[in-house]
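Student: Could you work out the structure for the sequence below:
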Amino acid sequence: MRLAQLSTIASVVFVLPYALVAADAANSKSSEENDPLISGFGNFVSWFRSHGGTVDDRIIIGHEPGTNIRGMIATAPIPANTLLIHTPGSLVLRNPNNNHRCLRIGEIVQELEAGTKSKWHTYFEFDDSSGHHIPSQWDRSGRAMDELQGLPPSGDTHHHINWYQGVCKKGKEMSNLDWKALIMYLTRAADIGLVPAYDLINHHNGRINTRLEVDDEGAMSVIALTDISAGEPIFLTYARGGTKSSVDIFNTYGFTEDYPQLWEWSDNELKQLSRTNGNHAYGRYGMGNSDANRRDRLRFIPNTEHHEVLVISPTLAALLPTKALVATLGNARRSMADWEKLIATHHSNLRIVHASALVDSAKGILAGLPTTIEDDEVIIREDKRRLEKATNLGRVDVDDADAIKAIEYRLAFKKALRLITEVAERETFLNDSDEL
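Tutor: Residues are numbered from 1 along each chain as shown. Model (predicted):
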């Protein structure tokens, strides 16, 4: 996985835990009263403001309208360019003298060990990242691993744990505080460290309505990118401009993101091609009617060298997208009409031989899987029904809950693979003599 980079605001990757978290109770009011992240928000804000932080009075933690999805919500209209949250540099938890990840996690461990003496004690008490069960925490021989059916990130789910225990702990066993600090770091930390308050905002690349500013002293501000209506959820992104795929998002945070989705994988043929020609992906695109000047060429830089599809909706997708096409993700909003126009132009410059290779790869993967999309839709309904029944009886199997996440994820991946063929059959591609 590519770790978060925060070199400029335009490329910042948000690493936060609270995207698409379902509340447990059926009654919304009762659920909010029993949810410590919702009921405890006022106490958190008081602590945050007492240490120099700013939170707009018009935002709360609650449930997105009509759902049990918990997140940050506007209680009144908020104009564009309004400062929503300001976290001073003094509240950003980081190692001030070293950017090494082991030391950064070690700093979190030290503050956790300090207990009530830590400046961040209230922040730690408010945090619920330990309540999430991400793939790094899955039973390595459990059902959830099998339910991935070999799709990415199979074989890579525990690389964070392996790295931390091998590099930072030198092979020693991890303590409970080590686990808590690592999970907080993985699911909450931006490159500058843990940033209280802004890390309560949910992820959604298609509905982003905030932007970030970071000053020279390491303070971070969250600013309204658009006008925000009363009752509207507040969103940011975990991955600007295609720097993380939907595979990365799932592997780090344990949820399947809503549209738009960016799916990425490799097969043996593509790996062999990469070994013999490291620049092969640049041959995917023609220049159309352009004069091939530098500005035109920059429009045709591949997002990655891997197989990739950018899924905008259940029926709209861009095959083998360029960096320019995915740059919108997390940086702005596009209408469906805009996406349709951009994707049609993109496909007219995508060589048909490369589109065909992507289709063949997608078909091959689907044909080799033990269940179909239709099978999975039945399986997920039955598994959710059984889990709900067990939960109501007070018997919750964590591995079964993890397995459901894995099935939901593989179902979305399979739908993206099937959509590739559907798109290829109706779109027009560049038909020239270029060969793979």
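Student: Can you give me the pLDDT of residue 17?
Tutor: For residue 17, the pLDDT comes out at 41.
Student: er, residue 335 I mean
Tutor: At residue 335, the pLDDT value in this model is 90.
Student: Could you find the closest non-adjacent residue to residue 347?
Tutor: Setting aside the residues directly before and after it, residue 347 is nearest to residue 427 in space (C-beta to C-beta, 6 or more residues apart in numbering), at 4.5 Å. Every C-beta, even on glycine, is put in place using the N, C-alpha and C of the backbone.
Student: swap in residue 224?
Tutor: Spatially, and ignoring its direct neighbours in sequence, residue 224 is nearest to residue 82 (4.5 Å; C-beta to C-beta, 6+ apart).
Student: what about the one you found, how many residues close to it?
Tutor: Counted with other C-beta atoms under 10 Å, the neighbours of residue 82 add up to 17.
Student: give me every residue that touches it.
Tutor: 56, 223-224 (C-beta atoms under 8 Å, 6 or more residues apart in numbering).
Student: Who wins on neighbours among those?
Tutor: Sorting the contacts of residue 82 by how many neighbours each has (other C-beta under 10 Å) puts residue 224 first, at 20 neighbours.
Student: And the residue nearest the centre of the chain, what's its pLDDT?
Tutor: The chain has residue 249 as the residue nearest its centroid, 3.4 Å off, counting by C-alpha atoms, centre = their mean. We note a pLDDT of 93 for residue 249 in this prediction.
Student: for the one 3 residues further on, same thing?
Tutor: The predicted structure scores residue 252 at 92 on the pLDDT scale.
Student: can you tell me how far it sits from residue 221?
Tutor: Between residue 252 and residue 221 the computed distance is 24 Å (C-beta to C-beta, to the nearest Å).
Student: and if you look at residue 140?
Tutor: The spacing between residue 140 and residue 221, counted by C-beta to C-beta, is 41 Å.
Student: again, but for residue 193
Tutor: On the measure of C-beta to C-beta, residue 193 and residue 221 end up 15 Å apart.
Student: Run through the neighbouring helices and strands of the host helix or strand of residue 379.
Tutor: Taking DSSP states H and E as the criterion, residue 379 maps to helix 373-392. Here helix 373-392 touches helix 398-426, going by 3 or more C-beta pairs under 8 Å, 6 or more residues apart in numbering; DSSP states H and E.
Student: and the helix it packs on, what other elements does it pack with?
Tutor: helix 143-147, helix 246-253, strand 261-265, strand 307-313, strand 316-319, helix 352-368, helix 373-392.
Student: next one: it to chain centre, how far?
Tutor: The chain centroid and the centroid of helix 398-426 are separated by 16 Å, computed with C-alpha atoms, centre = their mean, to the nearest Å.
Student: Show the low-confidence segments of the stretch 151-300 of the chain, by residue range.
Tutor: Along the stretch 151-300 of the chain, the parts satisfying pLDDT under 70 run over 240-242, 278, 287-298.
Student: show me where the stretch 151-300 of the chain has strands.
Tutor: Using DSSP state E, counting those that start in this stretch, the strands of the stretch 151-300 of the chain run over 202-203, 210-214, 220-224, 235-236, 261-265.
Student: Let me have these in CSV, adding distance to residue 127 as columns.
Tutor: Listed next are the strands of the stretch 151-300 of the chain as CSV, based on distance: least, C-beta to C-beta, whole Å:
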stretch, distance to residue 127
strand 202-203, 16
strand 210-214, 21
strand 220-224, 17
strand 235-236, 18
strand 261-265, 28
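Student: List just the one of the ones you listed that sits closest to residue 112.
Tutor: Evaluated over these, closeness to residue 112 peaks at strand 220-224, with 21.8 Å, by C-beta to C-beta.
Student: Ramachandran coordinates for the closest residue to residue 52 other than its chain neighbours?
Tutor: Excluding the flanking residues, the one nearest residue 52 by C-beta to C-beta, 6+ apart is residue 88, at 4.3 Å. When quoted as degrees, to the nearest 10, the phi and psi of residue 88 stand at phi -60, psi 150.
Student: Could you list which residues are in contact with residue 88?
Tutor: Counting by C-beta under 8 Å, 6+ apart, residue 88 makes contact with 51-53, 217, 219.
Student: Give me the phi and psi angles of residue 321.
Tutor: Per-residue torsions, residue 321: phi -70, psi 150 (degrees, to the nearest 10).
Student: I figured it hits residue 345, correct?
Tutor: No - Residue 321 sits out of contact with residue 345 when judged by C-beta atoms under 8 Å, with a separation of 11.9 Å.
Student: Neighbour count: these two, which is higher?
Tutor: residue 321 (24 against 13).
Student: For the residue nearest to that one when sequence neighbours are not counted, report the pLDDT, please.
Tutor: In space, residue 321 comes closest to residue 310 once its chain neighbours are excluded; the distance is 4.3 Å by C-beta to C-beta, 6+ apart. Per-residue pLDDT puts residue 310 at 97.
Student: Verify the contact between residue 310 and residue 262 for me.
Tutor: Yes - counting by C-beta under 8 Å, residue 310 does reach residue 262; the two are 5.3 Å apart.
Student: What distance do you get for the residue nearest to residue 64 when sequence neighbours are not counted to residue 60?
Tutor: Closest residue to residue 64 apart from its sequence neighbours, by C-beta to C-beta, 6+ apart: residue 233 at 4.8 Å. Applying C-beta to C-beta, the value for residue 233 to residue 60 is 11 Å.
Student: same deal with residue 342?
Tutor: 36 Å.
Student: Make sure residue 78 is actually in contact with residue 227.
Tutor: Yes - the pair residue 78 / residue 227 is scored as a contact, 7.1 Å apart, by C-beta under 8 Å.
Student: out of those two, which sits in the more crowded spot?
Tutor: A count of neighbours by other C-beta under 10 Å puts residue 78 above the other of residue 78 and residue 227, at 22 against 14.
Student: Backbone torsions only: list them for the more buried one.
Tutor: Dihedral angles phi and psi of residue 78 (degrees, to the nearest 10) take the values phi -130, psi 120.
Student: ok, for it, nearest residue in space, not its chain neighbours?
Tutor: Of all residues not flanking residue 78 in the chain, residue 228 sits nearest, at 4.2 Å (C-beta to C-beta, 6+ apart).
Student: Report how many residues lie close to that neighbour.
Tutor: 25.
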